[in-house]
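J.: my questions concern the predicted model and sequence given below.
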Amino acid sequence: MPVSKLIFFPKDPLQSFGKIEIFKILVDQLFIDEIPHSENHYLPSERFLSLLTFLGCSPNINLTPTPDQTHCFVSFLSPTAKPQCLGYTNTCKPKCPNCTKRIANWKTDNWQKTGASCQCDKCGTQVTYAELNWKQECGFARCGFEIAHIYPHEAVPTDQLLEILREKTGANWLYCYANN
């Protein structure tokens, strides 16, 4: 069964950072605990809820492991040699970066493959899938981290969290949701 996630990654899909570098930033900011709950499974720490904004009237977010219930945890994506699709929502509809119109029939058999490209049916622009405007519904990168059991649009990172990542890595960061 797919797990809903909130995924963070560098804006430049070619940029890469090691797990240890990102881990240290998140631990130093008290976003996650330093000791893993299990392999590549880190529990939220003291500032987790102040660096994410949960939307809606009563989000049901479990931050601690409870038998027979899902809980939020952070895991790190293994860096790859080339950008890859990190995840996507079932409702994603990308827009062309040139004309900003939605692209019809964008989904092909190879759309998630590294370097795959698509052509805008409105203006004819040919771009890689990583260059499309996904509106936080999909992400392509070589590295990043994810928070499990966050449903699409249930939470957003604060400007402070994105600024911390930018300041500490020297790169702008994006986020997307996935439920695939």
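T.: It's in.

J.: pLDDT score for residue 67?
T.: You'll see residue 67 listed with a pLDDT of 85.

J.: now residue 180
T.: pLDDT, read off for residue 180, is 86.

J.: now the closest residue to it other than its chain neighbours: how far from residue 32?
T.: Leaving aside its chain neighbours, residue 180 sits nearest to residue 88 (5.3 Å; criterion: CB to CB, 6 or more residues apart in numbering). All C-beta spots, glycine's among them, are computed from the backbone N, C-alpha and C. Taking CB to CB, to the nearest Å as the measure, residue 88 falls 24 Å from residue 32.

J.: any stretches of the protein with poor pLDDT?
T.: Within the chain, the stretches with pLDDT under 70 are 57-58.

J.: now the strands for it?
T.: Assigned by DSSP state E, the chain shows strands spanning 5-10, 52-54, 73-77, 84-88, 117-119, 126-128, 138-141, 144-148, 155-157, 173-178.

J.: residues in contact with residue 48?
T.: 30-32, 63, 72 (CB atoms under 8 Å, 6 or more residues apart in numbering).

J.: what does residue 85 give?
T.: 111-112, 129, 138-140.
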